[in-house]
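What follows is a predicted structure for the sequence shown.
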Amino acid sequence: MRLIKIFCLILCQQAYCTAQKIEILTSGTKASLRGLSVVSNQVFWASGSNGKVARSTNGGASIQWITVPGFEKRDFRDIKAYDSNTAIIMAIAEPAIILKTKDGGKNWAIVFEDTTKGMFLDAMDFRGRKGVVIGDPIHNKLFRAYTNDAGDHWAIDTQTPTLAKGEAFFAASGTNINVQSGYYVSGGLQSSLYLKDQPILLPLKQGKESTGANSIALFKKKAVITGGDFSSDKDSSGNCILIDLSGKPVFTHPETAPHGYRSCVIYLDEQQLISCGTSGVDISKDGGKNWELISTESFHVVQKAEKGSKIYLAGAGGRIASLQL
């Protein structure tokens, strides 16, 4: 009987390990990928440095690499894809530029450009045809622009909140904003959660340019924020906070935090979450209370298919992977 129990335990452990497998689909391209948009199980797009955009229509069995003509030295930190042909990419620093393709990346049109000194776009988020882009403060005020036609036209918001000295937004994974709720999370010398443009100081690691919130994920009246200190990416202190949003926000810390700095976090369902960063990938199966390190592979961003169940990750060195749970 004891041998049977031991044998069953070994089988369970093997099945558990097999069930959490990260498969590298491509790597080696000279691009740090921080933008990732997964349309379906088969269609995903990624974007990054050196003017690179990656596109797959068959679940990563083959990946098309596109260098956007005229933008070979630009860093596309975020991307939104609507289908296999339509995508929007965001180039961060001045001049800040947003481009759109409607033919699978063959041609790109400039749909937004701002040459203001100090411009640095950080993230985009979309809900249907509505979208928002945010950037680091200009004259101490949050930069924000909106679109109502799937990114074809953008309007700059002139009524935005003033940020604290040394406070900004990280262009880490494109996940520090949520257009549907209007929530934003900042980092730097001060890290805040913005609710309807009203800041609430976060109980996260902050005080340095490399610290603070990087990502927010929402599920109904719950939220999880991850970040930490990207200059010390194995440090788990102050890198995650759970929020109850059913009334006045209530913050709690996880019992077991993600294992290091985490630039991105997403909900798979009400209980399961995935977070990733340069020091690894974590999973939580209890709503973010406890996190388990499942890989030490470095990734900047993770996303689940909007229409499907597959999970993809992207990171430095042109690395794109799928995660099997």
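Alright, I've got the coordinates.

Low-confidence ranges, the protein, go.
Along the chain, segments meeting pLDDT under 70 span 1-19.

A strand includes residue 103, no?
No - counting by DSSP: H, G, I helix; E, B strand; the rest coil, residue 103 falls outside a strand, being coil.

Centre of the chain to stretch 311-325, how far?
On the basis of Cα atoms, centre = their mean, to the nearest Å, stretch 311-325 sits 12 Å off its chain's mean C-alpha point.

now swap in stretch 247-261 and tell me
18 Å.

in that stretch, what counts as buried?
Neighbour counts over stretch 247-261 (16 or more other Cβ atoms under 10 Å) mark 251, 254, 257-261 as buried. For glycine as for every other residue, the C-beta is placed from the backbone atoms N, C-alpha and C.

which of the residues you listed lies closest to residue 171?
Nearest to residue 171 among the buried residues of stretch 247-261, counting by Cβ to Cβ, is residue 261 at 15.0 Å.

quick one: the helices in this structure?
2-19 (DSSP state H).

okay, stretch 257-276 in CSV with CA atoms only?
Provided in CSV are the C-alpha atoms of stretch 257-276 (Å, rounded to 0.1, in the frame of the first residue of the first chain):
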residue,chain,number,x,y,z
ALA,A,257,4.5,37.1,-2.8
PRO,A,258,5.6,36.6,-6.4
HIS,A,259,9.3,35.6,-6.5
GLY,A,260,10.8,38.9,-7.6
TYR,A,261,10.1,42.1,-9.6
ARG,A,262,7.0,41.5,-11.8
SER,A,263,6.2,43.7,-14.8
CYS,A,264,2.9,42.1,-15.7
VAL,A,265,0.0,40.3,-14.1
ILE,A,266,-3.2,38.9,-15.6
TYR,A,267,-6.3,37.1,-14.4
LEU,A,268,-7.1,33.8,-16.0
ASP,A,269,-10.3,33.4,-13.9
GLU,A,270,-11.4,34.6,-10.5
GLN,A,271,-8.8,32.4,-8.7
GLN,A,272,-6.0,31.9,-11.2
LEU,A,273,-3.5,34.6,-12.0
ILE,A,274,-0.1,34.6,-13.9
SER,A,275,2.6,37.2,-13.3
CYS,A,276,6.0,37.5,-15.0
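
Just confirm residue 189 contacts residue 209, I think it does.
Yes - using Cβ atoms under 8 Å, residue 189 is in contact with residue 209, at 7.0 Å.

Between these two, which is the more surrounded one?
With neighbours defined as other Cβ atoms under 10 Å, residue 189 and residue 209 compare such that residue 189 has more, 17 against 13.

Contact partners for that one?
164-167, 206-209 (Cβ atoms under 8 Å, 6 or more residues apart in numbering).

of these, closest to residue 121?
For the contacts of residue 189, the nearest to residue 121 is residue 167 (16.4 Å; Cβ to Cβ).

give me the number of residues near the closest one?
Residues near residue 167, counting by other Cβ under 10 Å: 21.

Contacts only, for the nearest residue to it once chain neighbours are set aside.
Spatial nearest neighbour of residue 167, excluding adjacent residues (Cβ to Cβ, 6 or more residues apart in numbering): residue 190 at 4.3 Å. Residues near residue 190 by Cβ under 8 Å, 6+ apart: 163-167, 201, 206, 212.

swap in residue 310?
With Cβ under 8 Å, 6+ apart, residue 310 has these contacts: 38, 41, 59, 304, 322.

how about those residues in TSV, adding distance to residue 196?
Converted to TSV, these look like this (distance: Cβ to Cβ, whole Å):
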residue	distance to residue 196
38	29
41	35
59	39
304	27
322	37
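
Now for the residues you listed: which two are most distant?
59 and 304 (13.5 Å).

who touches residue 260 in this structure?
Neighbouring residues of residue 260 by Cβ under 8 Å, 6+ apart: 228, 233-236, 239, 277-280.
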